[in-house]
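J.: Compute the structure for the input listed below.
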Amino acid sequence: MEFIELLILIFLSVVAQVWIAVPYGIAAGMNPLVVFAVAVTFIFIPIPLILKLSEKLEKGWIHSTVVWFRMRGEKWVEKYGFFGTVIGVPIASAYGVAIAGYVLGVDMKKIYLGIFIGLLIEALFYVLAAKEVIELI
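T.: You can find the predicted model right below:
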């Protein structure tokens, strides 16, 4: 594995997330376990920053909007809170789920754990799928 391929994988993980990074890593001939670990790790790293930024922004001019969303989303959070974060990762991306979870008032621990589990499931799916496609070619 070349260093430049690893840097590209890291960049794709942060910017394009799992659905681009994992197939690239598998197609580049990298070890699937390395691809899996790098993708999950480097997608997860910005999550605390995104949540802190959301916290800072809420104290500013969007506070009333956040309160409005929390009031309307309360029943959904009670019903789907943790499971919603897990299932939301493949649909809305880890970053989108972090912001939505914060805006809707989901507990921070549930956001972190849900995103991490969702990333594990999504990355595993893409590793297995990409590996099979590459083997067919």
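
J.: okay, CA-based contacts and neighbour counts for the rest of this
T.: OK.

J.: In stretch 33-49, which residues are buried?
T.: Going by neighbour count (16 or more other CA atoms under 10 Å), the buried part of stretch 33-49 is Val35, Phe36, Val38, Ala39, Val40, Thr41, Phe42, Ile43, Phe44, Ile47.

J.: Check the model's average confidence along that stretch for me.
T.: Across stretch 33-49, the average pLDDT comes to 92.

J.: Pull the residues that contact it.
T.: In this structure, residues lying in contact with stretch 33-49 by CA atoms under 8 Å, 6 or more residues apart in numbering are 9-10, 13-14, 17-18, 21-22, 25-26, 94-95, 98, 112, 115-116, 119-120, 123-124, 127.

J.: just to revisit the earlier point, redo the buried residues of stretch 33-49 as JSON lines? Include secondary structure and distance to Val67.
T.: Listed next are these as JSON lines, based on DSSP: H, G, I helix; E, B strand; the rest coil; distance: CA to CA, whole Å:
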{"residue": "Val35", "secondary structure": "helix", "distance to Val67": "39"}
{"residue": "Phe36", "secondary structure": "helix", "distance to Val67": "37"}
{"residue": "Val38", "secondary structure": "helix", "distance to Val67": "36"}
{"residue": "Ala39", "secondary structure": "helix", "distance to Val67": "34"}
{"residue": "Val40", "secondary structure": "helix", "distance to Val67": "31"}
{"residue": "Thr41", "secondary structure": "helix", "distance to Val67": "32"}
{"residue": "Phe42", "secondary structure": "helix", "distance to Val67": "31"}
{"residue": "Ile43", "secondary structure": "helix", "distance to Val67": "28"}
{"residue": "Phe44", "secondary structure": "helix", "distance to Val67": "26"}
{"residue": "Ile47", "secondary structure": "helix", "distance to Val67": "22"}
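
J.: what's the spacing between the spatially most central residue of the chain and Ile20?
T.: Closest to where the C-alpha atoms of the chain average out (CA atoms, centre = their mean) is Ala94, at 2.1 Å. Distance from Ala94 to Ile20, counting by CA to CA, to the nearest Å: 14 Å.
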